[in-house]
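In: quick one, what's the 3D model for this:
(2 chains)
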Number of protein chains: 2
Amino acid sequence: MTLITGLTVHDVRFPTAAAGDGSDAINKGDYSATYVVLDTAEGTQGFGLTFTNGRGNEITCAAVRALEHHVVGHAVEDLCTAAGQRTITADVQVRWLGPEKGVVAMAAGAILNAVWDLRARLDGKPLWRLLAELPTADLVAAVDFNHITDALSPEEAAAILDGGLDGYGERLAYATEHGFPSYTTSVGWLGYDDEKVRSLTRQAVKDGFDAFKMKVGGPIEDDVRRAGIIRAEIGPAARLMMDANQVWDVGVAIANMERLVAFEPYWIEEPTHADDVLGHAAIQRALGERCKVATGEVAANRVIFKQLLQAGAIGIMQVDACRVAGVGEVLAELLLAAKFGVTVCPHAGGVGLCEYVQHLSFFDYLRVSRSMEGRMVEYVDHLHEHFTDPVRIANGRYVLPERPGYSVELRPESIAQYSFPEGPVWNA
Amino acid sequence: MTLITGLTVHDVRFPTAAAGDGSDAINKGDYSATYVVLDTAEGTQGFGLTFTNGRGNEITCAAVRALEHHVVGHAVEDLCTAAGQRTITADVQVRWLGPEKGVVAMAAGAILNAVWDLRARLDGKPLWRLLAELPTADLVAAVDFNHITDALSPEEAAAILDGGLDGYGERLAYATEHGFPSYTTSVGWLGYDDEKVRSLTRQAVKDGFDAFKMKVGGPIEDDVRRAGIIRAEIGPAARLMMDANQVWDVGVAIANMERLVAFEPYWIEEPTHADDVLGHAAIQRALGERCKVATGEVAANRVIFKQLLQAGAIGIMQVDACRVAGVGEVLAELLLAAKFGVTVCPHAGGVGLCEYVQHLSFFDYLRVSRSMEGRMVEYVDHLHEHFTDPVRIANGRYVLPERPGYSVELRPESIAQYSFPEGPVWNA
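Out: A predicted model of the protein is given here:
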């Protein structure tokens, strides 16, 4: 057992709003991290973060501090179980502020990811390998089955994970050689003009990408024109995805997609309010086989994902690594997706999200879904230089991470430079 | 136009956890308030709060500060429109921390309720009267229809509110004479032993109550025994409600309610996770006419309520005054309930929730639902002494409030005494 002896939280913000990077129909953010560092007596540290959009990052930092007493003085191994996770997610007082959603779920995500990072470092393994090599019973013990047993039992989860042992070595060899498919979102932010979209798309094709995501949700004529530009650049065989960032009402989403399906999108992401399970189901019914509905980047917990799956509301499930309460919660979500046969394509971008989710997709392939078919990890080419173990992309594919941990350790000089409000970048 | 010139937020906590008051299957709290005071140049102030459960109240306070710039320097009248409300609920950076849920929605609730309180004080009216006397167009303009137009259009909302002008005077006279039905939750907290439950129930019957709520969600044999005690005390004609505070999984909820329906509950409240629209629908289908499903106290926004109604998941809709983004958001919810013909019985208790929701139910009766049939406002006999205009109960019914505002102004001496962490009660 390894006791956690200290927790530090940093408010780190990158001034991205001014550049138009990351602008979409609803967000214009300074990409930020609520960054958690855990200490142990023997010196190994754990690193986790939750991604925020600038203003308000101090709120998630405050939430981390409100949960700190469940972490400091407790054992890493205990916190990597569902019972340990629930000491944080079901605190009898703090739970009221969610429950299991918003700021407190995100703070739990930063903390619990740091705990799992620490465990992986103690074992000397990258997180994907730690998880993929865990006995089925240990993985099942890490899943909080509260409120999802009507969709997935511990026994069903165990069967899925046991199944993931078949052909494991073969899949590992394949992943090591070929990496994991990705797509780029860097070409089509709403803040970019048509020429920038065209030139970025052209460059991304040269870089080996064969899947591209554009933002929609502005005036529909603009969306249609930009879709035409990108489809023309990438050709008919490449995948084009669209992301509306929740800006449409259900009826508007259906009407607009009736026009946009002409450009053969693989999916439409967040076509309406993220809380609207029934709305997503109505949109998926209207689109049928023509386009998959995708959502998940702001889905707060396993109960929301359960319903999206039960309702047939999505064809693509976009788990986020730190919107939810960390690795254990994501495990529940990956297992639910496998049970319902829905494809997982994690949400990334932001700060550190690519670094995080590569581990989740490699684990999903190795031990849960056992397939790369139709699966891709989002890739956004921003801010990787601030990490000690940044993602590596080759020919438009993620390369299997090798260093121990969950890959979101920030460089000390980046923390110093971008700390808010005292860092030099905020006092120029 | 009246400009808001200042905003102050207080972290106020009452040490209720030690007494077992407010204990249920999932919460053991120190009832607390994130308390907002707004200033104007001419001296009139506005008061709003969001209720929290102790630890973490500093987080909602931080969220209020993160939204303050949308309030100070802005006009009361503008902030009482949907567009004004959205400057707060759809801030392009802070929205990421919800969206429209958890800590940031609660902070928005404290702020926007203070804005509406200020407006009512400026008009010299209690909030229920301010709302009930507003022209239909002004009420419709206060509703954020984003993401609910598939269930309720502005035109439908206007028709409901216009309908509320018919017979208005008669209903006002009735409400003035008879008040509004209530029920008490003070008899059956899980922290109380059988004898305390029995004696409190007996006293509540003497006080004129004919509706009583008990907490369930402990061991089922205990729930059955306590239900028997309360039903025996109140007799067959009185209403008994049950509240599981989300502790059951869907299958467990159905199985346990198969036993508890023997005691003829009017409703089962929060039988499972608050996010589980489909789960509530499954439970309501299983119970059919035998018992209504009720939920809402932690439903984050109008999109959740919309789905609960669309799915036929509830027979009772329990709006909360400050879990959601204030008066405008509640307006949307009351109108949705009226559209679907579902009974609204607001959530109260905590700190100031009874003071708040009496206004909502009187307004609902006068202008929206036009009925008291089956409708009751929760009443918990705790902490009213800290308010300058506390609720008044006569013969188990709420008396129509008369003083201007939304009734949650705290006494200055209570703020001083219970401020956290510096107040004397926290330094004894």
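In: so what's the gap between the lowest-mean-pLDDT helix or strand in chain A and the chain middle?
Out: Least confident helix or strand of chain A, by mean pLDDT, DSSP states H and E, is strand A:180-188 with a mean of 87. Averaging C-alpha positions (CA atoms, centre = their mean, to the nearest Å) puts strand A:180-188 14 Å from its chain's average.
In: also stretch A:98-106?
Out: Centroid displacement of stretch A:98-106 relative to its chain, using CA atoms, centre = their mean, is 16 Å.
In: let me see the mean pLDDT of that stretch.
Out: The average pLDDT within stretch A:98-106 is 97.
In: tell me if it is near chain B.
Out: Yes: with CB under 8 Å from any CB of the partner chain as the criterion, chain B is reached by stretch A:98-106 at A:98-106. Backbone N, C-alpha and C define where each C-beta goes, glycine included.
In: counting contacts, what elements does the least confident helix or strand of chain A pack onto?
Out: When contacts are defined as 3 or more CB pairs under 8 Å, 6 or more residues apart in numbering or on different chains; DSSP states H and E, strand A:180-188 packs onto helix A:194-206, strand A:211-215, helix A:220-234, strand A:239-243, helix A:353-363, strand A:377-379, strand A:397-398.
In: figure out which of these is closest to chain B.
Out: helix A:353-363 (12.5 Å; CB to the nearest CB).
In: for that closest one, enumerate the helices and strands it packs against.
Out: Packed against helix A:353-363 by the contact rule (3+ CB pairs under 8 Å, 6+ apart) you find helix A:127-133, strand A:180-188, helix A:326-340, strand A:377-379, strand A:397-398.
In: need the ones you listed in TSV with distance to B:Gly315, can you?
Out: What follows is the helices and strands packed on helix A:353-363, written out as TSV (distance: least, CB to CB, whole Å):
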stretch	distance to B:Gly315
helix A:127-133	43
strand A:180-188	44
helix A:326-340	29
strand A:377-379	42
strand A:397-398	49
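In: now those as a markdown table including mean neighbour count and distance to B:Val187?
Out: Shown next, in a markdown table, are the helices and strands packed on helix A:353-363 (neighbours: other CB atoms under 10 Å in any protein chain shown; distance: least, CB to CB, whole Å):
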| stretch | mean neighbour count | distance to B:Val187 |
| --- | --- | --- |
| helix A:127-133 | 24 | 48 |
| strand A:180-188 | 24 | 56 |
| helix A:326-340 | 26 | 37 |
| strand A:377-379 | 26 | 53 |
| strand A:397-398 | 22 | 59 |
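In: among the ones you listed, show the one with the smallest mean pLDDT.
Out: strand A:180-188 (a mean of 87).
In: near chain B, which residues of the stretch 101-250 of chain A show up?
Out: So the stretch 101-250 of chain A meets chain B at A:101-106, A:146-150, A:246, A:249-250 (CB under 8 Å from any CB).
In: mind redoing it with 10 Å?
Out: By the rule CB under 10 Å from any CB of the partner chain, the part of the stretch 101-250 of chain A lying against chain B is A:101-107, A:145-151, A:246-250.
In: report the residue ranges of every domain in chain A.
Out: Split into domains by automatic domain parsing, chain A comes to A:4-147+A:414-426, A:168-405.
In: center of chain A - which residue?
Out: Residue closest to the average C-alpha location in chain A (CA atoms, centre = their mean): A:Asp320, at 2.5 Å.
In: which elements pack onto the helix or strand hosting A:Ala173?
Out: For A:Ala173, the element it lies in under DSSP states H and E is helix A:168-178. If contacts are counted by 3 or more CB pairs under 10 Å, 6 or more residues apart in numbering or on different chains; DSSP states H and E, helix A:168-178 sits against helix A:127-133, helix A:353-363.
In: what angle do helix A:326-340 and the last one make with each other?
Out: This points to helix A:353-363. Helix A:353-363 runs at 50 degrees relative to helix A:326-340, counting by axes from the mean of the first three to the mean of the last three CA atoms, to 10 degrees.
In: check chain A for the residue nearest chain B and tell me.
Out: When scored by CB to the nearest CB, chain A has A:Gly102 as its residue closest to chain B, at 2.2 Å.
In: near that residue, how many other residues are there?
Out: 30 (other CB atoms under 10 Å in any protein chain shown).
In: wait, what's in contact with the closest residue to it other than its chain neighbours?
Out: Residue nearest to A:Gly102 in three dimensions, not counting chain neighbours: B:Gly102, with 2.2 Å by CB to CB, 6 or more residues apart in numbering or on different chains. B:Gly102 makes contacts with A:59, A:63, A:96-106, A:300, B:59-60, B:63, B:298, B:300, B:323, as judged by CB atoms under 10 Å, 6 or more residues apart in numbering or on different chains.
In: now the strands for the stretch 251-400 of chain A?
Out: Taking DSSP state E, counting those that start in this stretch to define them, one finds strands in the stretch 251-400 of chain A at A:265-269, A:292-295, A:316-317, A:343-344, A:377-379, A:393-394, A:397-398.
In: can you say which of the ones you listed is nearest to B:Arg129?
Out: Of all those, it is strand A:292-295 that lies closest to B:Arg129, at 42.2 Å by CB to CB.
In: gap between the closest one and the chain center?
Out: With CA atoms, centre = their mean, you get 15 Å for strand A:292-295.
In: what residues sit buried inside it?
Out: A:292-295 (16 or more other CB atoms under 10 Å in any protein chain shown).
In: just flag the most distant two among these.
Out: A:Lys292 and A:Thr295 (10.4 Å).
In: just how off-centre is stretch A:265-281 within its chain?
Out: How far stretch A:265-281 lies from its chain's middle: 17 Å, per CA atoms, centre = their mean.
In: run through the residues that contact A:Val140.
Out: Applying CB under 10 Å, 6+ apart, we find A:Val140 in contact with A:82, A:134, A:154-158, A:160-161, A:331, A:335.
In: run the last query once more with 7 Å
Out: Contact analysis of A:Val140 by CB atoms under 7 Å, 6 or more residues apart in numbering or on different chains lists A:154, A:157-158, A:161.
In: one more: A:His359?
Out: With CB under 7 Å, 6+ apart, A:His359 has these contacts: A:126-128, A:401, A:406-407.
In: gap between A:Val351 and B:Leu308?
Out: 35 Å (CB to CB, to the nearest Å).
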